[in-house]
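S.K.: Pasting the sequence and the predicted model now:
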Amino acid sequence: MELTLNPGFVPIIAALLVLATPRTMRSPLIVLAALTSFWLLLDYEFGAAATMAQMGLPVVALNLDELNRIFGIALLIALIAIGIYSGARRNRYEDAAILLLAGSAVSALFVGDLILLVATLTLGGLAAAWVVFASPLEGAGRSGARLLIWHGLEGLLFLVGVAFHLSAGTQAIVIARLDVSSIGGGFIFAALMIRVGAPFAHVWLKDVVSHASSTGAAALSVFTTMIGVYALARIFPSEPLLIWIGATMMVIGAVYAAAEDDLRRVAAYGVTMQTGLCTALIGIGTPLALAAAEGHAFATILSFAAMQLLLGGVLERRGNVKVSQLAGAARMMPISLFLIILCGLAVSAAPGLVMFATQSASLEAAAQWDLRWLWTIIWAAPAVLFVSLLMRASLAAYTPTGEVKPILEAPFSMLLGAGLALFLCFAVGLAPRWLFDLMPAEISFQPFVLDRVAPQFQLLGGAGIVFLLLRAARATPRERGVHLLDIDALYRGPLAEAGRWAGVLALRVYGAWQSWTRRASHAAGRSLEAMANACDRPYVGSSAAVTFFCIGAVVLTMLLVR
Amino acid sequence: MKKSPPAARSGITGLLFVFCLTALIVGLGFDLGAGARLKFWIGDQPGAAAAIGAAVVLFVVVATHAARFALGRRQKADEGSSDGAHS
């Protein structure tokens, strides 16, 4: 039997090696693992590799096609950029965790059966929590524990869904389209909703991104939710429910991205917006919509990886990336801030960058009369990110503080890694045909036509002008340190408090029960002891007449029996 | 009495204004110059993108005010990446 290596296994093996590798070699090892994995991916031909039977179930370790190839290319490019970026700091555990996370994400793309999919997603969940635990930032431990709970819940739902699905027969284990109305499909759908960060489950991403290290935040932005998008495209294409869920994710992401103070959280909510867009497009389900979803996931991975990497550089030097405390940053880190502005253009789908090409395809796919509300939301999304990530950040960072600080740029390898991701945003954006040729459906789509470029210029220009005018009129909110409550405030506030009280109550009830059983057992013991004593000396406490009567009765009985 | 020196300016507001104004004029010019086209609804008509951009900014400003009023909790100035109950 021919054993074919899943490209994702290479980073997993490298994750073990990196633990024993000296510091100077760790960054090259990450890049080498990504390049090897990339070579394997491009070397294989399309189709399922040999199927192995394990415990009567078909196990397909590799099933390559156009859909997972495009996701694999994006993730491995991001891993190369992160690998270069990670050369600037010393944390072998985080390096290993990032490799494990990337390896499990890439493996999940290429496996061909549900059992291995659950296994790789669960491994990815554990690795993501490890990435957060390895962060030196305050509160990372608790954030990692919350992520473990989310991923544990996701894994449980997935496993239950697969078990129900498996009851239909062993051949059902191969990954194929599922029906959300079946009980197995419903559980798997719920698990994927946690993975993509659907409404009510959207909080885990911003939580972990804001507590992860500079490198970890980029890895978490790239290797977590996008696997959910891939799985939805594979398992639940054309599911109408996804349109509503995706649109809600976009609106929630937009509101929080506009109001958040921490730029890393803004970027995390930006990822939620773009994931919502991909989810909605998968729900539309036409060939163009599915191709646009895959292309947009590719663009999101590159653009937001670059953004998180650059913000991580600022975090390394200044300790935070809050808009309210960003004044003077451009004087201290001129190259980083210039690259952040370019990256702001990338995430706002400015013409010439990769997200513009996929945004245009998304608009084309959603241009249906009954979906015009969704079309408007998709069109409005870049303007929200333009204002939230570019205008606010640049206006704050270029505000002079009066004090002269020496230039303290991010380390060279950080700039190089982020610059590579940003360069690819430009390169693919200027020649999007390369990306469209990778897609499963053949697209004869031209993004650089006047009908598409001119409205995008209008959108960004109009949004910027109105924002500046409102700012001049002091109508925009003042930038200040603020924490925004989200749905996690419910389970970290009242629900946590209720759980604490329930725990105290349960402990008290348990204590009372223990005390009562102790008293009851003592009383029973005393009674038994008294009874035993009574049997041991039956004459004690009784009168002589009773004793004489008893002995007489026994003698009489013996005589009668004889 | 000495006058206090004017606050230093970086000029970023002017640069952004010029950049956005150029984008708006170029976009509107090409869009309106291309003439009326048949699009699938009114939001796809020439010039509508600028209106959508302006509306989005109004939404952003209102949403920020509303979110910070309803959901915002003040953070101490010296607080770093703290992990408070609602962070």
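M.R.: It's in.
S.K.: okay, CA-based contacts and neighbour counts for the rest of this
M.R.: Will do.
S.K.: and A:Asp65, what is it in contact with?
M.R.: Under the criterion of C-alpha atoms under 8 Å, 6 or more residues apart in numbering or on different chains, the contact list for A:Asp65 reads A:Phe46, A:Gly47.
S.K.: ok, now with 10 Å
M.R.: With C-alpha atoms under 10 Å, 6 or more residues apart in numbering or on different chains as the criterion, the residues that contact A:Asp65 are A:Tyr44, A:Glu45, A:Phe46, A:Gly47, A:Ala48, A:Phe110, A:Met439, A:Pro440.
S.K.: what separates it from A:Leu438, distance-wise?
M.R.: Relative to A:Leu438, A:Asp65 is positioned 10 Å away (C-alpha to C-alpha, to the nearest Å).
S.K.: Out of the contacts of A:Asp65, which one has the lowest pLDDT?
M.R.: Summarising pLDDT for the contacts of A:Asp65: the lowest-scoring member is A:Ala48, with 67.
S.K.: Which members of the contacts of A:Asp65 are the farthest-apart pair?
M.R.: Set against one another by C-alpha to C-alpha, the contacts of A:Asp65 have their most distant pair in A:Ala48 and A:Met439, with a gap of 18.4 Å.
S.K.: Alpha carbons of stretch A:332-343, as CSV, please.
M.R.: Backbone C-alpha positions of stretch A:332-343 (Å, rounded to 0.1, in the frame of the first residue of the first chain) are rendered in CSV as follows:
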residue,chain,number,x,y,z
MET,A,332,9.5,56.7,16.6
MET,A,333,8.7,53.9,14.1
PRO,A,334,8.4,55.6,10.7
ILE,A,335,8.8,52.5,8.5
SER,A,336,6.4,50.4,10.5
LEU,A,337,3.7,53.1,10.4
PHE,A,338,4.1,53.7,6.7
LEU,A,339,3.7,50.0,6.1
ILE,A,340,0.6,50.0,8.4
ILE,A,341,-0.9,52.7,6.2
LEU,A,342,-0.2,50.5,3.1
CYS,A,343,-1.7,47.6,4.9
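S.K.: For that stretch, which residues meet the burial criterion?
M.R.: Neighbour-count burial for stretch A:332-343, with 16 or more other C-alpha atoms under 10 Å in any protein chain shown as criterion, is recorded at A:Met332, A:Met333, A:Pro334, A:Ser336, A:Leu337, A:Leu339, A:Ile340, A:Ile341, A:Leu342, A:Cys343.
S.K.: what does stretch A:448-462 give?
M.R.: Of all the residues in stretch A:448-462, those buried under the rule 16+ other C-alpha under 10 Å are A:448, A:451-462.
S.K.: okay, how far is it across stretch A:483-491, tip to tip?
M.R.: For stretch A:483-491, the first and last residues are 16 Å from each other (C-alpha to C-alpha).
S.K.: Briefly note if it comes near chain B.
M.R.: Yes - shown here: stretch A:483-491 in contact with chain B (C-alpha under 10 Å from any C-alpha of the partner chain) through A:His483, A:Leu484, A:Leu485, A:Asp486, A:Ile487, A:Asp488, A:Ala489, A:Leu490, A:Tyr491.
S.K.: And the fourth one, how close does it get to A:Ile335?
M.R.: For A:Asp486, the distance to A:Ile335 under the criterion C-alpha to C-alpha works out to 34 Å.
S.K.: Report all helices and strands that the helix or strand containing A:Leu495 contacts.
M.R.: Under the assignment given by DSSP states H and E, the secondary-structure element containing A:Leu495 is helix A:494-536. Applying 3 or more C-alpha pairs under 10 Å, 6 or more residues apart in numbering or on different chains; DSSP states H and E, one finds that helix A:494-536 contacts helix A:488-492.
S.K.: Give me the buried positions along the helix it packs on.
M.R.: A:Asp488, A:Ala489, A:Arg492.
S.K.: Measure how far that helix is from the centre of its chain, please.
M.R.: 18 Å (C-alpha atoms, centre = their mean, to the nearest Å).
S.K.: Got the phi and psi for the nearest residue to A:Glu409 once chain neighbours are set aside?
M.R.: With C-alpha to C-alpha, 6 or more residues apart in numbering or on different chains as the measure, A:Met333 is the residue that lies nearest to A:Glu409, at 4.7 Å, once sequence neighbours are left out. Note on A:Met333: its backbone torsions stand at phi -130, psi 70 [degrees, to the nearest 10].
S.K.: going on from the helix or strand of chain A with the lowest mean pLDDT, what's the next piece of helix or strand?
M.R.: Comparing every helix and strand of chain A by mean pLDDT, DSSP states H and E singles out strand A:47-48 as the least confident one, with a mean of 68. Once the chain leaves strand A:47-48, the next helix or strand it forms, by DSSP H and E, is strand A:52-54.
S.K.: Quick check: next helix or strand after that next one?
M.R.: Heading C-terminal from strand A:52-54, the first helix or strand you meet, by DSSP H and E, is strand A:57-59.
S.K.: ok, and what's touching that next one?
M.R.: By C-alpha under 10 Å, 6+ apart, strand A:57-59 touches A:50-53, A:111-116, A:166, A:169-174.
S.K.: returning to what we had before: which members of the buried residues of stretch A:448-462 additionally contact chain B?
M.R.: The overlap between the buried residues of stretch A:448-462 and the neighbours of chain B (C-alpha under 10 Å from any C-alpha) comes to A:Asp451, A:Arg452, A:Val453, A:Ala454, A:Pro455, A:Gln456, A:Phe457, A:Gln458, A:Leu459, A:Leu460, A:Gly461, A:Gly462.
S.K.: residue ranges with poor pLDDT in chain A?
M.R.: Of all residues in chain A, those with pLDDT under 70 make up the ranges A:1-3, A:48-50, A:170-171, A:536-543.
S.K.: I'd like the domain boundaries of it, if you could list them.
M.R.: A:1-236, A:239-489, A:495-561 (automatic domain parsing).
S.K.: Return the closest of the residues of stretch A:483-491 next to chain B with respect to A:Leu5.
M.R.: Taking C-alpha to C-alpha as the measure, A:Asp488 is the one of the residues of stretch A:483-491 next to chain B closest to A:Leu5, at 40.0 Å.
S.K.: That closest one contacts A:Pro199, doesn't it?
M.R.: No - the pair A:Asp488 / A:Pro199 is not scored as a contact, 11.4 Å apart, by C-alpha atoms under 10 Å.
S.K.: A:Ala190: how many residues sit nearby?
M.R.: Taking other C-alpha atoms under 10 Å in any protein chain shown as the criterion, the count of residues near A:Ala190 is 17.
S.K.: for it, what are its contacts?
M.R.: Contacts were defined as C-alpha under 10 Å, 6+ apart; by that measure A:Ala190 touches A:Leu153, A:Glu154, A:Leu157, A:Phe158, A:Gly161, A:Val180, A:Ala198.
S.K.: Just among those residues, which is most surrounded?
M.R.: Within the contacts of A:Ala190, neighbour counts (other C-alpha under 10 Å) peak at A:Phe158, which reaches 28 neighbours.
S.K.: what residue ranges in chain B are flagged as low confidence?
M.R.: Across chain B, the ranges flagged by pLDDT under 70 are B:1-9, B:35-43, B:74-87.
S.K.: Any residue of stretch A:198-208 touching chain B?
M.R.: Yes - part of stretch A:198-208 sits near chain B under the criterion C-alpha under 10 Å from any C-alpha, namely A:Asp207.
S.K.: So for that stretch, what gets flagged as buried?
M.R.: A:Ala198, A:Pro199, A:Ala201, A:His202, A:Val203, A:Trp204, A:Leu205, A:Lys206, A:Asp207, A:Val208.
S.K.: mind checking the end-to-end distance for that stretch?
M.R.: With C-alpha to C-alpha as the measure, what separates the two termini of stretch A:198-208 is 16 Å.
S.K.: can you check stretch A:226-242 too?
M.R.: The distance separating the two terminal residues of stretch A:226-242, taken as C-alpha to C-alpha, comes to 15 Å.
S.K.: what separates that stretch from the chain centre, distance-wise?
M.R.: For stretch A:226-242, the distance to the chain centre is 15 Å (C-alpha atoms, centre = their mean).
S.K.: And it, what's buried?
M.R.: Of the residues in stretch A:226-242, A:226-239, A:242 count as buried by neighbour count, 16+ other C-alpha under 10 Å.
S.K.: One more: stretch B:21-34?
M.R.: Counting neighbours by 16+ other C-alpha under 10 Å, one finds that the buried residues in stretch B:21-34 are B:Leu21, B:Thr22, B:Ala23, B:Leu24, B:Ile25, B:Val26, B:Gly27, B:Leu28, B:Phe30, B:Asp31.
S.K.: Many thanks, we can stop here.
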